[in-house]
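A.B. asks: What follows is a predicted protein model with its sequence.
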Amino acid sequence: SLVGSKFCMINKIDFKAKNLTSNAGLLLLLSHAKSEGLFELLESEITFADNGIEKIKMNHIKTLLCGNFLGIDKLERIKLLQSDPLVKEFGIEVKEPETVSRFLGKFSFRTTQMIRNVNFKLFKKLLDKSRLKSIIIDIDSTVINVEGHQEGTAKGYNPEKPGNRCYNTLMAFCNELKAFITGFTRSGNTYTANGAAEMIAEIIENLRDSVDTITFRMDSGYFDENIIKTIEGAGYCYIIKAKQYGNMVDKLYRGDPLQWAEYDNCKEIAEISMRPDKWERPRRFVVLTRLKPEEERRQRSLIEGNDYEYAFYVTNTGYSNEETARAYEKRGNCENYIKESKYDMNVGSLLLKSFWANEAVFQLMMLAYNLFLLFKFDKLVAQEYRQQIKTFRLKYLFVAGRIIRTARSTIMKLAFDYPYKEVFQRCAL
């Protein structure tokens with residue numbers, strides 16, 4: 001033991017201290033969520049037919065949000081909140097994990113859609129605060145591996161664990177705000193583009209009055225004319241990487257020669273109007289080409305263009321060819337947002353048996369994700385807005401405090417030399 005050793009001057013440990021919290025930063029997030037009307041929104045938007053569930057729903061939803069703020073990866077971890085005096089100050093009575101699990105099992109398609117609607121409204125609140133009128137929306141999917149036999153899982157595309165059962169979650173993010181807009185869980189064997197056109201129509205319907213222009217940005221999994229027609233029909237823009245079918249390169253060399261221009265090192269760029277097979281009409285494609293490495297060229301065949309690699313982007317933006325290519329290259333931001341949701345919010349780690357319970361958990365995790373952003377937008381300096389959630393937790397959430405009640409007030413005491421005290425002072429109730 002290190003107690004009393006030369007490495008440590010502490011020679012006794014007791015457990016007599018009362019009203020201590022190791023999560024003082026919950027005060028910031030819960031107070032801000034309350035001041036933004038989130039709890040009233042959840043109360044009014046999420047309704048259960050069963051009166052018994054209706055009475056307890058907010059206690060369990062607040063419990064889960066607290067757990068999501070802390071980054072729990074198993075429902076068992078909510079026990080850590082049961083004795084937290086700060087959680088009790090907000091009127092939250094943390095129940096046993098089994099009780100919360102039964103509550104989550106009551107969710108259905110109807111009630112999970114209600115949480116999705118809350119997520120839309122929270123995003124619109126953040127969007128309105130930003131005053132952005134032109135945004136880029138990235139759409140992508142991610143694989144959620146499972147170890148058991150949860151409802152709705154199936155074997156499908158799974159680069160991490162080929163052959164393993166999984167979910168496939170579709171997600172949409174606003175690039176400028178790194179904010180989650182909407183998304184939902186799908187079976188693991190779902191084709192990438194399934195449901196994307198419908199989700200895009202939902203996004204447009206919800207954001208039509210909030211922004212002037214939207215550019216949707218997607219990889220080749222969403223190279224689908226139905227998706228493109230949905231966006232065009234609403235009057236918005238898109239940049240989508242094309243699937244490179246065998247005859248697309250051939251079409252580059254039919255008709256008039258293309259006007260190639262230099263793009264970065266060893267690359268050239270041009271555009272062409274092209275109608276892929278089975279599409280109703282031609283569209284503008286921006287084409288990037290690069291000479292293959294010498295080793296690959298040694299195995300060249302007689303096919304024209306075999307010495308080159310090609311990338312096709314279908315778009316209806318007013319961007320130049322170079323601007324189109326550079327805009328698509330920034331799509332990597334979306335992959336980072338998904339990683340943050342998986343590794344910092346633990347999306348895909350807390351899994352239950354029921355499909356709709358897992359969908360409810362996902363929606364509430366992403367609600368907490370956006371609440372972090374809303375707090376940072378309102379209360380922190382601009383340079384901290386894009387800091388990762390794990391950094392936020394270390395600086396502002398995992399803070400020791402003591403709650404003291406007097407005849408006139410309730411006080412939370414923090415360390416005298418806590419380095420970020422100005423944030424708590426700025427957000428004082």
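C.D. replies: Perfect, I can see it now. Residues are numbered from 1 along each chain as shown.
A.B. asks: show me where the stretch 1-150 of the chain has helices.
C.D. replies: Along the stretch 1-150 of the chain, counting by DSSP state H, counting those that start in this stretch, helices occupy 26-35, 38-45, 51-70, 85-89, 97-104, 109-130.
A.B. asks: Now do the fifth one against helix 51-70, angle only.
C.D. replies: Looking back up the chat, that one is helix 97-104. Angle of helix 97-104 versus helix 51-70, following axes from the mean of the first three to the mean of the last three C-alpha atoms, to 10 degrees, is 110 degrees.
A.B. asks: Packing partners of helix 97-104?
C.D. replies: Under the contact definition 3 or more C-beta pairs under 8 Å, 6 or more residues apart in numbering; DSSP states H and E, helix 97-104 sits against helix 51-70, helix 355-379. Backbone N, C-alpha and C define where each C-beta goes, glycine included.
A.B. asks: out of those helices, deepest packed?
C.D. replies: Stretch with highest mean neighbour count among the helices and strands packed on helix 97-104: helix 355-379 (a mean of 22; mean count of other C-beta atoms under 10 Å).
A.B. asks: angle of that one against helix 109-130?
C.D. replies: Using the same axes, to 10 degrees, helix 355-379 lies at 10 degrees relative to helix 109-130.
A.B. asks: Average pLDDT for whatever helix or strand comes next after helix 355-379, rounded please.
C.D. replies: On the C-terminal side of helix 355-379, the nearest following helix or strand under DSSP states H and E is helix 389-392. In this model, helix 389-392 has a mean pLDDT of 96.
A.B. asks: cool, stretch 413-429 as well?
C.D. replies: 89.
A.B. asks: residues making contact with it?
C.D. replies: Applying C-beta atoms under 8 Å, 6 or more residues apart in numbering, the contact partners of stretch 413-429 are 24, 27-28, 31-32, 379-380, 395-396, 399-404.
A.B. asks: Would you mark the buried spots in that stretch?
C.D. replies: When burial is assessed from 16 or more other C-beta atoms under 10 Å, stretch 413-429 yields the following buried residues: 423-424, 427.
A.B. asks: Give me the subset of these lying in strands.
C.D. replies: Using DSSP state E, no member of these falls in strands.
A.B. asks: Could I get the buried residue list for stretch 143-154?
C.D. replies: Buried, per 16+ other C-beta under 10 Å, within stretch 143-154: 143-146, 150, 152-153.
A.B. asks: Mind naming the longest strand for this protein?
C.D. replies: Assigned via DSSP E, the chain shows its longest strand as strand 134-145.
A.B. asks: Output the contacting helices and strands for it.
C.D. replies: strand 165-174, strand 179-187, helix 196-207, strand 213-218, helix 332-343.
A.B. asks: In TSV: those, plus mean neighbour count, mean pLDDT and distance to residue 236.
C.D. replies: Putting the helices and strands packed on strand 134-145 into TSV (neighbours: other C-beta atoms under 10 Å; pLDDT from 0 to 100; distance: least, C-beta to C-beta, whole Å) gives the following:
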stretch	mean neighbour count	mean pLDDT	distance to residue 236
strand 165-174	24	96	13
strand 179-187	23	97	14
helix 196-207	18	97	7
strand 213-218	22	98	4
helix 332-343	17	92	17
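A.B. asks: okay, those in JSON lines with distance to residue 116 next?
C.D. replies: Shown next, in JSON lines, are the helices and strands packed on strand 134-145 (distance: least, C-beta to C-beta, whole Å):
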{"stretch": "strand 165-174", "distance to residue 116": "11"}
{"stretch": "strand 179-187", "distance to residue 116": "6"}
{"stretch": "helix 196-207", "distance to residue 116": "9"}
{"stretch": "strand 213-218", "distance to residue 116": "19"}
{"stretch": "helix 332-343", "distance to residue 116": "15"}
